[in-house]
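1. Sequence first, then the predicted structure:
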Amino acid sequence: MSRPVTDTDAGTDTDAGTDTDSAAAPPGERRASLERRSAVVRGVVQGVGFRPFVYALAAELGLTGWVTNNADGVETEVEGALPDVAAFCRRLTSDAPPLAVVESVQLRTVPTAGGSGFTIRPSAGGSGRTLVSPDIATCDDCLSELADPGDRRYRHPFISCTHCGPRFTVVTGLPYDRALTTMAGFPLCADCAREYADPADRRFHAQPVACHACGPRLTLVTRGSAGPRPTGEDALAGARRLLAAGAVVAVKGLGGYHLACDASDPAAVQTLRTRKNRGAKPFAVMAGSLETVERLVFTSPLERDLLLGRRRPVVLLRRRDGSGSGAGSGSRSRAGYGSRSLVTDGVAPGSPDLGVLMPYTPVHHLLLGLPGDPAGPPVLVMTSGNRSGEPIVTDDEEALVRLDGLADAWLTHDRPVRVPCDDSVVRVCARQELPVRRSRGYAPLPVALPVAVEPALAVGGDLKNTFCVAEGRYAWLSAHVGDMDDLATLTAFEDAVGQLSELASVTPRVLVADRHPGYRSGQWADRHAEGRPVRRVQHHHAHVASAMAEHGLDGSAPVIGVAFDGTGYGDDGAVWGGEVLLADYDGFRRFAHLAYVPLPGGDAAVRNPYRMALSQLRAAGLPWSEELPCVAACPPAERRLLERQLDRGINCVPTSSMGRLFDAVASLAGVCHRVEYEAQAAMELEHAALTAAGDIRSSGYRFGLPAAPRPGEAPLPADPAPVLAAAVEDLRAGADASTVAARFHGAVVSLVHELCRAARDRTGLATVALTGGVFCNALLTSGCAQRLERDGFTVLRHRTVPPNDGGLALGQLMVAARTRQS
């Protein structure tokens, strides 16, 4: 994110003053030609060591003046020889701290004021806007101190410095100072205060700084225990013993609680799965070292960078056979853990991928064990601390209630969490990062917008909800909120809206929501409009606009938007989801879509893909033969009812959903007949395709398309009947599920290519946006991108916001902004 630096030669003097932290000007004669300049630095410049950097830079160049935080960012005035002042202004950007994002530097010349030193002034309030840093993984310097018996922060569970630690989840207001964080209740001890005030120290003006003497403290709460609660090192040791013994421990982290257990213990994993009503949905795991990770999964250089970087998301990685049997020499696994698999099959049943993250807080490192610690699990399951469908728990008292029955013990602490923030999830697709969930480590960094917008709140959708607030050329996307289907999530949503609006200094004058009349997010917007307009945006139009916005398109030219997902409310009242739109921010034309088929029973068809398979077969004129896996999976009584339901059209809304077609083929091929979590059937179909022998994706299956142009503006229907007929023929000939899955993926890639070519032939457009939750499928996304790029298309893939509904709010915002201007 960059903006041009501006330099104005007008301005008035402000008193340099004499405050704390003075740096004496160098001895010697004062040079005759003096210049004084004011600079306002905007961007991610609070909580990243920017004021200490400015202080050190001014001291190095022998300049006098001051620096402060304010609501705009960082403001400074410097005075000295003209070449030195000019060098200072240049280096504000070029030499900025590694965690800073400098978006603009506004310079102006002011009258000289004299003075004999440089000061860090107390922060100023007022109106304005700055950017808050995301939470940052523990840095290498702090990790060295954590493991050094000679250091005063040896084994301190909350060690941090200017370069790492909590930021977004502890901020209560701006400017970013300790008094406006949840560390306000922990006064600095004398030693920490000296470090905080020492310009040569790594903790100079580091707001979360603390130590054993003055910082937060761990406490272990064990279910059913009536005795004193262990604290500090005893609490940590107790939690490690419990994990080694097979217990489930709720662990308070940066953005809320995790539920943790030993990933190698089948009984512990099954206990957690059962208690959380998790079904077969995979868990993520945390491993203590890259060596351990590489015993579990294959990694590329980019994937290793994601694992070890300062953001530390969950990275979806391809598993090795055996899931890391044995620990190997040099790993963090110790006695008792070397003879069994590091990750039991129950962690990610049936999945060739494993979600892996590395420790990102000192507590995580201590739980996994430092050198010389007693044996403990080398890999931990780490899943969100909540009941299924609820938001992550952050409050300590609430954790004891809401996680009762899930956890055997709670490793908690007394530093409050200001805002919930789940782990981010990413995968690598065709050598690029593909966000699946944008949250910790990424939020609340804004997305630069290609056009200016009025102050607005876009509330997103009901699944994988994130929202965004925006004004001018920036949009602030929230952390992951979750599915909007219970009161706890709606309450968390409302709290997060207030917090992010305050941090971004945005007072929305318009609200934006999905057109679906039943979405709870839209109903919330209506209830909280307070006289402000609520603008509605079609679901798939928002998906396409989201991809356009993150790639910086200003909307002056339309794109071919391929929007594939499970569910989106269509303008004709049908369930859309297999759409090719010709779209800009002003509007869209539906160029093509999957042919409509009935969605029998609504949610019942989503939960039971065999129902969708039978509906597709019937629409294709194919018989429900008993030898087909999807027919065999449907009980005879239900089959008879389903036949009558389809005959009479009862509760059978038409759908063009590509997600539901993936479900249907998954059941037809015998891969998945019932789902226990969203997109399970589609994910398992992708996994099956990846195991197919040879490159067979380009052979056999093709969708039906009209041979002649449709009259007028009528969209092209893509008929899956020929694909289904070919799959049935393969299955009857003895083909395995992986062959059917691979050929189906190839057919979808070919369909996307054909439709985009048809759109280019008719309109001249050559830019394609691939968006919607189906494009979390790496096999499909890479196949479509490669085919289209070879044919001369420019392909927009998501790299900043997720293609699923987690990126919907950004597109809603862009459509609403352009609507205002039209």
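-> Perfect, I can see it now.

2. And the pLDDT for the residue nearest to Pro187 when sequence neighbours are not counted?
-> Closest residue in space to Pro187, ignoring its immediate chain neighbours: Cys214 at 6.5 Å, by CB to CB, 6 or more residues apart in numbering. Every C-beta, even on glycine, is put in place using the N, C-alpha and C of the backbone. As summarised for this prediction, Cys214 has a pLDDT of 97.

3. Count the neighbours of Cys214 for me.
-> Per other CB atoms under 10 Å, the neighbour tally for Cys214 reads 16.

4. Wait, a helix at it?
-> No - read with DSSP: H, G, I helix; E, B strand; the rest coil, Cys214 is coil and lies in no helix.

5. Now do the helix or strand encompassing Val315, average pLDDT.
-> Val315 belongs to strand 314-318 when assigned by DSSP states H and E. Averaging pLDDT along strand 314-318 gives 97.

6. again with stretch 470-488
-> The model assigns stretch 470-488 a mean pLDDT of 91.

7. same thing with stretch 507-523?
-> Mean predicted lDDT for stretch 507-523 stands at 96.

8. Show me what it is in contact with.
-> Stretch 507-523 is contacted by residues 454-462, 465, 467, 469, 484-485, 490, 493, 501, 525-526, 528-529, 532-539, 542, 568-569, 571, 808-809, 812-813, 815-816, 820 when judged by CB atoms under 8 Å, 6 or more residues apart in numbering.

9. buried set for it?
-> 508, 510-516, 519-523 (16 or more other CB atoms under 10 Å).

10. Please apply the same query to stretch 192-206.
-> Buried-residue list, stretch 192-206, by 16+ other CB under 10 Å: 192, 195-196, 201-206.

11. element containing Arg427, please.
-> In the assignment (DSSP H and E), Arg427 maps to strand 425-429.

12. partners of that strand, with directions?
-> Counting by DSSP bridges, the strands paired with strand 425-429 are strand 314-318 (parallel), strand 432-437 (antiparallel).

13. List the ones among the buried residues of stretch 507-523 that fall in strands.
-> Counted as lying in strands by DSSP state E, out of these, are 510-514.

14. hang on, the earlier thing: closest one to Ser94 out of the buried residues of stretch 507-523, please.
-> Distance to Ser94 across the buried residues of stretch 507-523 (CB to CB) is lowest for Pro508, with 36.1 Å.

15. okay, the closest residue to that closest one other than its chain neighbours: pLDDT?
-> Among residues not flanking Pro508 along the chain, Leu457 sits closest, at 3.9 Å (CB to CB, 6+ apart). pLDDT for Leu457: 97.

16. show me what contacts Leu457?
-> Taking CB under 8 Å, 6+ apart as the test, what Leu457 contacts is 467-469, 497, 501, 506, 508, 510-512, 525.

17. Kindly recompute the last result at 10 Å.
-> By CB atoms under 10 Å, 6 or more residues apart in numbering, the contact set of Leu457 is 467-470, 497, 500-501, 506-513, 525, 528, 532, 534, 809, 812-813, 816.

18. quick one, phi psi at it?
-> Main-chain torsions, Leu457, degrees, to the nearest 10: phi -120, psi 120.

19. Check the gap between Cys429 and Asp151 for me.
-> Between Cys429 and Asp151 the computed distance is 42 Å (CB to CB, to the nearest Å).

20. So what pairs up with the residue nearest to Pro508 in the strands?
-> Val469, Leu511.

21. where's it relative to Gly376, distance?
-> For Leu457, the distance to Gly376 - CB to CB - is 45 Å.

22. Then Thr109?
-> In terms of CB to CB, Thr109 sits 61 Å off from Gly376.

23. Tell me which of the two has more neighbours.
-> Gly376 (22 against 15).

24. Could I get the buried residue list for whichever strand or helix holds Ala59?
-> Under the criterion of DSSP H and E, Ala59 resides in helix 50-61. Neighbour-count burial for helix 50-61, counted by 16+ other CB under 10 Å, picks out 50-59, 61.

25. Which elements pack onto the helix or strand harbouring Gly811?
-> In this structure, Gly811 sits in helix 808-821 according to DSSP H and E. With contacts defined as 3 or more CB pairs under 10 Å, 6 or more residues apart in numbering; DSSP states H and E, helix 808-821 has these neighbours: strand 446-458, strand 468-477, strand 510-514, helix 520-527, strand 534-537, helix 539-550, strand 559-569.

26. can you rerun that using 8 Å?
-> strand 446-458, strand 468-477, strand 510-514, strand 534-537, helix 539-550 (3 or more CB pairs under 8 Å, 6 or more residues apart in numbering; DSSP states H and E).

27. Deepest-packed of those, please.
-> By mean neighbour count, with neighbours taken as mean count of other CB atoms under 10 Å, helix 539-550 ranks first of the helices and strands packed on helix 808-821 at a mean of 30.

28. Let me see the mean pLDDT of that helix.
-> Helix 539-550 carries an average pLDDT of 98.

29. Show me what it packs onto, helices and strands only.
-> Under the contact criterion of 3+ CB pairs under 8 Å, 6+ apart, helix 539-550 touches strand 446-458, strand 559-569, strand 575-583, strand 588-594, strand 767-771, helix 808-821.

30. so which of the ones you listed gets nearest Arg90?
-> Using CB to CB, the nearest of those to Arg90 is strand 446-458, at 22.8 Å.

31. next one: the closest one to chain centre, how far?
-> 19 Å (CA atoms, centre = their mean, to the nearest Å).

32. again, but for stretch 60-75
-> Offset of stretch 60-75 from its chain centre (CA atoms, centre = their mean): 33 Å.

33. Tell me the buried residues in that stretch?
-> 61-75.

34. quick one: which of those sit in helices?
-> Of the positions in the buried residues of stretch 60-75, Leu61 sit in helices, assigned by DSSP state H.

35. Pick out whichever of the buried residues of stretch 60-75 sits closest to Leu477.
-> Taking CB to CB as the measure, Leu477 lies nearest Gly73 of the buried residues of stretch 60-75, at 19.9 Å.

36. Go ahead and confirm that closest one touches Val40.
-> Yes - between Gly73 and Val40 there is a contact at 6.4 Å, judged by CB atoms under 8 Å.

37. Any stretches of this protein with poor pLDDT?
-> Within the chain, the stretches with pLDDT under 70 are 1-32, 125-130, 322-340, 694-699, 708-712, 818-822.
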